[in-house]
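1. Just a sequence and a predicted model for now, questions to come.
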Amino acid sequence: MGFFKRYPIFCVVLVLLVLALGAGVYLVISQQAKVEDAKESYENQVRRLQEVSRGVLYNPETGQRVAPNKANRELLQVRLDQVDGDLERIRSGMVARTDRILNDSADEFTFLPKLQSFIASLKALAAKNHVILQSDEAFGFAKYATQAAQPKKEMIPMLNRQRQVLDYILKQLMASEPVSILAVEREFVERPPEEENSRNRGRNSNTKEDDVFTIQELVTARSNEFIETSAFRIVFTGRTNALREFLNRLGKFELPLIVRSVEVVPATESDVPKQAEAPKQNSSENALFALFGGGDEEEAEVEVTEETDPNKKPVITETESKFTVVIEYVEVDIDSDDETEEAGS
């Protein structure tokens, strides 16, 4: 204490020098850390430059690389222009075919009437082609056909597109001469946007309709944000040539349809659509027919005749099979703006 009183200036200067020394040590340590980071970043950039200078590896088996020179850049640009041209031709062709067939728009006022007309026309076509249907067949739209439920406005374009695609598919099927159509199912698309995943669109767990289904993610062509699909599953019975004709008709590619799976099993007697029961005659009609010798005796005679008729065609023949076909309608959604943005990035 006495030393500080005798030499106050010297002590103050000494304290300041100690503080300056501590600050200098701190700055040296912090700058050393920055130097190490800068050195590591520099080494990474050097390695990256060396990697680029050796070329891009495109064949891991042979180790062959593409050098970043002018000739290769021009060649890659030519290939890129070819790919862009092919993509544009594919898109234009798909849009032209799709717009030619799927050109029936609908809104919240016309969707349900058009849906009823769609069901009635397909039932009439089935009757004309002698194709057996379920008595309550709604072709994938039982929720809206039987309950007359109004879909949400934002869902109508997707549902209307499914209706038109199904109309095309089922007309091709009926022209292929199947014996019966057991089930028509569509992929469920009415899930709210916040619950929907475009890569794994699932069935709503709350719905009780049995004409919607979920396509497996490993089967679907829905792989990224540029490819959107809508799946359908058709179950029908018939001979093998009916399946062959049906697949050949879809293979004309009038619409971008992809057959994802085909399951074939022998048809059984249970593979028959449920038909509406015929109305029974009342007792007064039977009594009236009995006066003229008709009624139950004639009915019994008819039944015996039908059972013993050797020329009557059985409902299920030995050569008939049950086919389950899963089909996807594919839409490519790539805009020119997206391509330009990707090229610039």
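-> Thanks, I have the structure now.
2. Would you mind identifying the next helix or strand past the lowest-mean-pLDDT helix or strand in the chain?
-> Least confident element among the helices and strands of the chain, by mean pLDDT, DSSP states H and E: helix 296-308 (a mean of 44). Next along the chain after helix 296-308, taking DSSP states H and E as the criterion, comes strand 321-332.
3. Now that next one: average pLDDT?
-> In this model, strand 321-332 has a mean pLDDT of 90.
4. which parts of it are buried?
-> 321-330 (16 or more other CB atoms under 10 Å). All C-beta spots, glycine's among them, are computed from the backbone N, C-alpha and C.
5. Remind me what that strand packs against, helices and strands.
-> Packed against strand 321-332 by the contact rule (3 or more CB pairs under 8 Å, 6 or more residues apart in numbering; DSSP states H and E) you find helix 70-101, helix 156-174, strand 227-238, helix 240-250, strand 257-266.
6. let's see it at 7 Å
-> strand 227-238, strand 257-266 (3 or more CB pairs under 7 Å, 6 or more residues apart in numbering; DSSP states H and E).
7. any idea how far it is from the chain center?
-> 10 Å (CA atoms, centre = their mean, to the nearest Å).
8. Return the angle between stretch directions for that strand and helix 240-250.
-> 10 degrees (axes from the mean of the first three to the mean of the last three CA atoms, to 10 degrees).
9. Hey, what's the angle from strand 321-332 to helix 156-174? Just curious.
-> 140 degrees.
10. Walk me through the domains of this structure.
-> 70-101, 106-274+317-340 (automatic domain parsing).
11. Could I get those domains in a markdown table, plus columns for distance to residue 34?
-> Converted to a markdown table, the domains of the chain look like this (distance: least, CB to CB, whole Å):
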| stretch | distance to residue 34 |
| --- | --- |
| domain 70-101 | 37 |
| domain 106-274+317-340 | 40 |
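12. Need the winner for burial among those.
-> Counting by mean count of other CB atoms under 10 Å, domain 106-274+317-340 has the highest mean neighbour count of those, with a mean of 16.
13. mind checking how far that domain is from the chain centre?
-> So, by CA atoms, centre = their mean, the centroid of domain 106-274+317-340 is 11 Å from its chain's centroid.
14. is it true that residue 115 lies in a helix?
-> Yes. Under DSSP: H, G, I helix; E, B strand; the rest coil, residue 115 sits within a helix.
15. where's it relative to residue 235, distance?
-> 21 Å (CB to CB, to the nearest Å).
16. closest to residue 45 out of the domains of the chain?
-> Residue 45 lies closest to domain 70-101 among the domains of the chain, at 21.9 Å (CB to CB).
17. for the closest one, what is the average pLDDT?
-> Mean predicted lDDT for domain 70-101 stands at 79.
18. and residue 9, that's in a helix?
-> Yes. According to three-state DSSP, residue 9 belongs to a helix.
19. and residue 190, helix, strand or coil?
-> Residue 190 is classified as coil under three-state DSSP.
20. now swap in residue 217 and tell me
-> Residue 217 - assigned by three-state DSSP - is coil.
21. what do you get for the one 3 residues further on?
-> Recorded secondary structure, residue 220: coil (three-state DSSP).
22. Tell me the spacing between it and residue 327.
-> 11 Å.
23. Can you show me the helices along the stretch 1-150 of the chain?
-> Applying DSSP state H, counting those that start in this stretch to the stretch 1-150 of the chain gives helices spanning 2-6, 8-54, 70-101, 111-128, 142-145.
24. could the ones you listed go into a markdown table alongside distance to residue 269?
-> Conversion of these to a markdown table gives the following (distance: least, CB to CB, whole Å):
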| stretch | distance to residue 269 |
| --- | --- |
| helix 2-6 | 114 |
| helix 8-54 | 69 |
| helix 70-101 | 38 |
| helix 111-128 | 21 |
| helix 142-145 | 25 |
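25. now for those, which one comes closest to residue 254?
-> Across those, closest to residue 254 is helix 70-101 (CB to CB), at 5.8 Å.
26. how big is the angle separating that closest one from strand 321-332?
-> 120 degrees.
27. can you pull the contacts of residue 327?
-> Neighbouring residues of residue 327 by CB atoms under 7 Å, 6 or more residues apart in numbering: 169, 232, 257-260.
28. partner residues bridging it?
-> On the basis of DSSP bridges, residue 327 is bridged to residue 232, residue 259.
29. so how far is residue 189 from it?
-> For residue 327, the distance to residue 189 - CB to CB - is 15 Å.
30. same question, residue 114
-> Taking CB to CB as the measure, residue 114 falls 17 Å from residue 189.
31. before we move on, what about residue 320?
-> 33 Å.
32. try residue 26
-> 63 Å.
33. before we move on, what about residue 28?
-> For residue 28 relative to residue 189 (CB to CB), the value is 65 Å.
34. Indicate which one of the helices of the stretch 1-150 of the chain is closest to residue 174.
-> Closest approach to residue 174 among these is made by helix 111-128 (5.6 Å; CB to CB).
35. Fine by me, thanks again.
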